[in-house]
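# Return a 3D structure for these sequence lines:
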Amino acid sequence: MNDNEERPVTIITGRVWRKKGGRSEGVHLMLVSPDDDTAVRTALDALSKEGYAEAELDQIGDLQDVPDEEPHLSAYQGAMEGEVSIVVFDEKR
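Got it, this is the predicted structure:
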């Protein structure tokens, strides 16, 4: 991929904790990054800045299509604008 090509939006899935040993929540992070290693470091930094004490990241990949439902549509748009978008949700137990 050369510098003139638009980079895809990367999605990272996992779980986060506001405090160690607390209740976990599911998380989807969306961002644009030059590679997976940079994406993971950037995502972890963003979670730390938002006050999350712990994170467990499970999967990383590139989105093939624009999401059609909120909150993922807004998160995708934010990622396209250079933000690290964080979508947190209750995990199914």
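# Ala75 is in contact with Val27, isn't it?
No. Applying CB atoms under 8 Å as the test, Ala75 and Val27 come out as separate, 10.9 Å apart. Quick note: C-beta positions are derived from backbone N, CA and C, even for glycine.
# Next, show the common contact partners of the two.
Residues touching both Ala75 and Val27 (CB atoms under 8 Å, 6 or more residues apart in numbering): 86-87.
# residue ranges with poor pLDDT in this structure?
Residues of the chain meeting the criterion pLDDT under 70: 1-5, 93.
# mind listing what Phe89 touches?
Per CB under 8 Å, 6+ apart, neighbours of Phe89: 25-28.
# Closest one of those residues to Glu56?
For these, the minimum distance to Glu56 (CB to CB) is 9.2 Å, reached by Val27.
# what sits against that closest one?
So Val27 contacts 13-16, 47, 55, 86-89 (CB under 8 Å, 6+ apart).
# how would you label the residue lying closest to it once chain neighbours are set aside: helix, strand or coil?
Excluding the flanking residues, the one nearest Val27 by CB to CB, 6 or more residues apart in numbering is Val16, at 4.7 Å. Of the three states, Val16 takes strand according to DSSP: H, G, I helix; E, B strand; the rest coil.
# For Val16, give me its contacts.
24-25, 27, 47, 52, 54-56, 88.
# now with 7 Å?
24-25, 27, 47, 52, 54-55, 88 (CB atoms under 7 Å, 6 or more residues apart in numbering).
# for Pro67, same thing?
Contacts of Pro67 (CB under 7 Å, 6+ apart): 73, 76.
# host element of it?
For Pro67, there is no enclosing helix or strand under DSSP states H and E.
# Quick check: beta-bridge partners of the spatially most central residue of the chain?
The residue lying closest to the centre of the chain (CA atoms, centre = their mean) is Leu29, at 1.0 Å. Under DSSP bridges, the beta-bridge partners of Leu29 are Ile12, Ile86.
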